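K.L.:
Show me the folded form of this:
(one chain, ligands or ions: 1)
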Amino acid sequence: MLDIEKIRSQFPILAMEVYGKPLVYFDNGATTHKPVQVINAVSDAYTNFNSNIHRGVHYLSDISSEKYEGAREAIRQFVNAGKREEIIFTAGTTASINMVAFSFGEKYIGEGDEIIISTIEHHANIVPWQVLCERKKAKLLVIPVFDDGSLDIEAYGKLISDRTRIVAVSHVSNALGTINPVKEIIGIAHSNDIPVLVDGAQGIQHGDVDVNEMNCDFYVFSGHKVYGPTGTGVLYGKEKWLEEMPPYQTGGDMVDKVTFEKTTYSKLPFKFEAGTTNFVGAVGMAAAFNYITGLGIDNIIQREKELLDYSTRRLEEIEGLKIYGTAKDKIPVISFVLEDIHQYDVGMILDKLGIAVRTGSHCAQPIMDRFGIDGTIRASLCFYNTTGEVDALIEGLLKVREMMG
Ligand code: PLP
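P.N.:
Just a heads-up that it's a prediction; the model follows:
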């Protein structure tokens, strides 16, 4: 059991009032708030050991390098990667996917090859592959979804051919909350010797992610969606791929020997970490993982399941409200429309009541097109939210309907 009151007191921003009303923050899918443990870790880094990593022989640089590599080890343990070399620090999910699309694409994709993604991807897991396809004259194939927002796995199997080079799917859909059967997807791909990238931007903070057990080839996520600092993220990649893939960005810190004639590169993981990385952010991200490990990932899963059930039940009570994304396996993300009231109007009225929701296409226009809508209202919850806040949302929506319906 989680002590929610105590947990909420560790997130200073949650005590805030908006327009004189207590803040109800249901935009955790976009970014989560940060506990004092993370804020203090970042502050401590700038106060006590800020110095550029790996390059100095001096005291502060040594400490900073140690903390950075300690953060890498903490994250390796959290996702259960086999080796620290398989954990690359990036600026976030988008940066990680671009890195794989470019680098894997450079090495392994040629004219006529095929890449499989799905209909419920975030634009970050669509556009880099599209750009790669344009560059290499390859083809993008898309796994269809059923009306409940779950992937059509049979259709996926039929998309695989001897030209398929990689499959890239989200662990969890940000727009609908669907948890995809990634192990099954990976199993099918691997039985055809095809690697799989899993976009874990919405997966890592809601479930027990074990990349070893999942057997994915790449797993990517952002620190800011998992209670950590902005501008941080991770690319987990199996060593066998990362060794073969060329560097993405080049410059300082990723090189071994530079002459004007030829440059040789550093070993993993540094080969993919050009320039000054967000070393303070990495320490903050590790603090976030320590924090959720302390809460217990199973406790988080249970708490969020209760919140999902409660909020779904309450929202379904509202006449004229339609939920998009009703698959059996979901995180507490509820995407809905209210009669034919425009989502922006709903979002703006809720905002005046202190309730933060997201409106629009959630950077996932293809899935909105699939449902023939231009957007939804999305309430994305996490463990620090409460059923009382859900009740406030319900009241707010009833008010919106009264005013606009
Ligand atoms: N993938 C998914 C599923 C997401 O939800 C997001 C952000 O919402 C991203 C990728 C992109 O993450 P970032 O903007 O942190 O790079």
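K.L.:
residues in contact with Ser96?
P.N.:
Ser96 makes contact with 88, 90, 218, 220-221, 233-235 under the criterion C-beta atoms under 8 Å, 6 or more residues apart in numbering. In short, each C-beta sits where N, CA and C put it, glycine included.
K.L.:
mind checking the end-to-end distance for stretch 138-155?
P.N.:
Using C-alpha to C-alpha, to the nearest Å, the gap from the first to the last residue of stretch 138-155 comes to 20 Å.
K.L.:
Report the rounded mean pLDDT for it.
P.N.:
Averaging pLDDT along stretch 138-155 gives 98.
K.L.:
which of the residues in it are buried?
P.N.:
138, 141-143, 145, 149-151 (16 or more other C-beta atoms under 10 Å).
K.L.:
if we can go back for a sec, scan the contacts of Ser96 and report the most crowded one.
P.N.:
Among those, Val220 has the most neighbours (other C-beta atoms under 10 Å), with 32 neighbours.
K.L.:
and it, what helix or strand is that in?
P.N.:
strand 218-222 (DSSP states H and E).
K.L.:
which is the next helix or strand following that strand?
P.N.:
strand 233-237.
K.L.:
quick one: that next one to chain centroid distance?
P.N.:
11 Å (C-alpha atoms, centre = their mean, to the nearest Å).
K.L.:
looking at the sheet around Gly360, what are its partners?
P.N.:
Listed by DSSP bridges, the beta-bridge partners for Gly360 are Thr376.
K.L.:
Could you check how many residues crowd around it?
P.N.:
17.
K.L.:
give the contact list for it.
P.N.:
Residues in contact with Gly360 (C-beta under 8 Å, 6+ apart) are 343-344, 375-376.
K.L.:
Return the distance of it relative to the ligand.
P.N.:
Distance, Gly360 to the ligand, by C-beta to the nearest ligand atom, to the nearest Å: 12 Å.
K.L.:
Show the pLDDT at that residue.
P.N.:
Model confidence at Gly360 (pLDDT) stands at 96.
K.L.:
and of the contacts of Ser96, the nearest to Leu242?
P.N.:
Leu242 lies nearest to Ile88 out of those, by C-beta to C-beta, at 7.4 Å.
K.L.:
Surely that closest one touches Ala274?
P.N.:
No. Ile88 is not in contact with Ala274 according to C-beta atoms under 8 Å; the separation is 10.8 Å.
K.L.:
all strands for the stretch 201-350 of the chain, in order.
P.N.:
For the stretch 201-350 of the chain, the strands defined by DSSP state E, counting those that start in this stretch occupy 218-222, 233-237, 255-258, 263-265, 321-324, 333-338.
K.L.:
same check, this time on the stretch 1-150 of the chain
P.N.:
So, for the stretch 1-150 of the chain - with DSSP E, counting those that start in this stretch - the strands run 17-18, 21-22, 24-25, 87-90, 114-118, 139-143.
K.L.:
any idea how far the first one is from the chain center?
P.N.:
It refers to strand 17-18. Worked out by C-alpha atoms, centre = their mean, strand 17-18 lies 27 Å from the chain centre.
K.L.:
Paired strands for it, with orientation please.
P.N.:
Per DSSP bridges, strand 17-18 is paired in its sheet with strand 21-22 (antiparallel).
K.L.:
Would you mind measuring from Met16 to Thr263?
P.N.:
Distance of Met16 to Thr263, given as C-beta to C-beta, to the nearest Å: 50 Å.
K.L.:
Residue numbers of the stretch 151-300 of the chain in contact with the ligand?
P.N.:
170, 174, 199, 201-202, 222 (C-beta under 6 Å from any ligand atom).
K.L.:
Which of the residues you listed sits closest to Gly284?
P.N.:
Once C-beta to C-beta is applied, the member of those that ends up nearest Gly284 is Ser222, at 12.6 Å.
K.L.:
picking up where we left off before, give the intersection of the neighbour lists for Ile88 and Ala274.
P.N.:
What both Ile88 and Ala274 touch, as defined by C-beta under 8 Å, 6+ apart, is an empty set.
K.L.:
how many neighbours does Gly70 have?
P.N.:
13.
K.L.:
Nearest spatial neighbour of it, chain-adjacent residues omitted?
P.N.:
Nearest non-adjacent residue to Gly70, counting by C-beta to C-beta, 6 or more residues apart in numbering: Ala286, 6.9 Å away.
K.L.:
Compute the distance between that neighbour and Ile75, please.
P.N.:
The span separating Ala286 from Ile75 equals 6 Å under the rule C-beta to C-beta.
K.L.:
Same question for Ile355.
P.N.:
For Ile355, the distance to Ile75 - C-beta to C-beta - is 33 Å.
K.L.:
contacting residues for the closest residue to Tyr236 other than its chain neighbours?
P.N.:
The shortest distance from Tyr236 to any non-neighbouring residue, by C-beta to C-beta, 6+ apart, is to Tyr219 (4.3 Å). Counting by C-beta under 8 Å, 6+ apart, Tyr219 makes contact with 79, 171, 197-198, 200, 209, 211, 234, 236.
K.L.:
Backbone dihedrals for the residue nearest to Asn212 when sequence neighbours are not counted, both of them.
P.N.:
Closest residue to Asn212 apart from its sequence neighbours, by C-beta to C-beta, 6+ apart: Asn80 at 4.8 Å. The phi/psi pair for Asn80 (degrees, to the nearest 10) reads phi 60, psi 40.
K.L.:
just Gly112 next, same as before
P.N.:
phi 90, psi -10.
K.L.:
Count the residues that sit near it.
P.N.:
Neighbour count of Gly112, defined by other C-beta under 10 Å: 10.
K.L.:
So for it, what's the nearest residue that isn't a sequence neighbour?
P.N.:
Gly112 sits nearest to Arg163 (C-beta to C-beta, 6+ apart), 6.1 Å away.
K.L.:
next one: Arg303
P.N.:
The nearest residue in space to Arg303 (C-beta to C-beta, 6+ apart) is Phe383, at 4.6 Å.
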